[in-house]
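>>> For reference, the sequence and a predicted model appear below.
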Amino acid sequence: MIDLTALDRDGAAALLRFYRDIGVETLVAETPFDRFAQSQAEFSRPKPPPPKPVEKPRPAPIAPPVKPAAPVRPAAAMSQDAATASAREQAANAQTLDELREKLAAFDGCALKNSATQLVFADGAPDARVMLIGEGPGADEDRQGKPFVGRAGQLLDKMLAAIGLDRTKVYIANVVPWRPPGNRTPTPQELALCLPFVRRQIELVAPDFLVLLGACAAQTVLDEKEGIMRLRGHWRDYACGGKTIRALPMLHPAYLLRAPLKKAEAWRDLRALKKAIDHVGAF
Ligand code: URA
């Protein structure tokens, strides 16, 4: 282990540059620390009585008291049940995709919002016949506010082009709309909180085909436990707003970048999608 106390200013700067160059973006301590428990405790701790006003020596005209700013309620302090109920209500009340985006932007129940730069809602055509759903924004998406614009997104563009599609003809979103810190997989709690918004987003787009990219999206949307290697390539019915949408789990492009040999499977699934699209004459 590096003895950090032995580092001088230049040494510390060199170490930070090294971490940045190898892609380390998040630093964690040696021992785990439960910040949820801490913020719960802080939130439920009784407030101390207000301090006695300090007597002013001069009987000057007294300025009106400044109203203290409303306390910012940490997202983690809202119970999961309360936050999920609020997510359901907000999502159900959205009548258009613009309204849904506004409600999601104002939703404080998911702590991912606190560490993300911005909301990454969607890209593409709101009336698309094909909707693709990924896991969550990465660093590039967090910066640009659009899903799938980094390396995985460039591969996704090529995959779409291979079957005659592009971003203007499809609608792209994620199961969580805020970047998880350090690109970690979203937790089951985060996924559950965002799911009502994703369901409503699917309902409002009302596509004919849903493409679920990777295990996280496929398992979350289809409420499945199977791994992506078993799920991929098998059509499912997704019931939504009185309509049945055909859903196809596929391998995530980020995975294909790491395992290029799996592109053969992805190509097979893309051909199945193309065949289904051609069959209904969606384009
Ligand atoms: N990976 C995802 O799942 N979604 C994005 O938007 C980018 C990368």
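Now that the structure is in, tell me what you want to look at.
>>> Please identify the residues of the stretch 151-283 of the chain in proximity to the ligand?
By Cβ under 6 Å from any ligand atom, the residues of the stretch 151-283 of the chain that approach the ligand are 152-153, 174, 254. All C-beta spots, glycine's among them, are computed from the backbone N, C-alpha and C.
>>> Is it possible to get a markdown table of those that adds secondary structure?
As requested, those are exported to a markdown table (DSSP: H, G, I helix; E, B strand; the rest coil):
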| residue | secondary structure |
| --- | --- |
| Ala152 | helix |
| Gly153 | helix |
| Asn174 | strand |
| Ala254 | helix |
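>>> a markdown table for these, including neighbour count and pLDDT?
Below are those laid out as a markdown table (neighbours: other Cβ atoms under 10 Å; pLDDT from 0 to 100):
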| residue | neighbour count | pLDDT |
| --- | --- | --- |
| Ala152 | 23 | 98 |
| Gly153 | 22 | 98 |
| Asn174 | 27 | 98 |
| Ala254 | 21 | 98 |
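>>> which one of these sits closest to Thr84?
Asn174 (18.5 Å; Cβ to Cβ).
>>> which residues pair with the residue of the chain found nearest the ligand across the strands?
Ranked by Cβ to the nearest ligand atom, the top residue of the chain for proximity to the ligand is Gly134, at 2.9 Å. Beta-bridge pairing for Gly134 (DSSP bridges): Asn174.
>>> Before we move on, what's the pLDDT of it?
With respect to pLDDT, Gly134 has a value of 98.
>>> Would you mark the buried spots in the helix or strand harbouring Gln154?
Gln154 belongs to helix 151-162 when assigned by DSSP states H and E. Using 16 or more other Cβ atoms under 10 Å as the test for burial, helix 151-162 gives 152-153, 155-157, 159-160.
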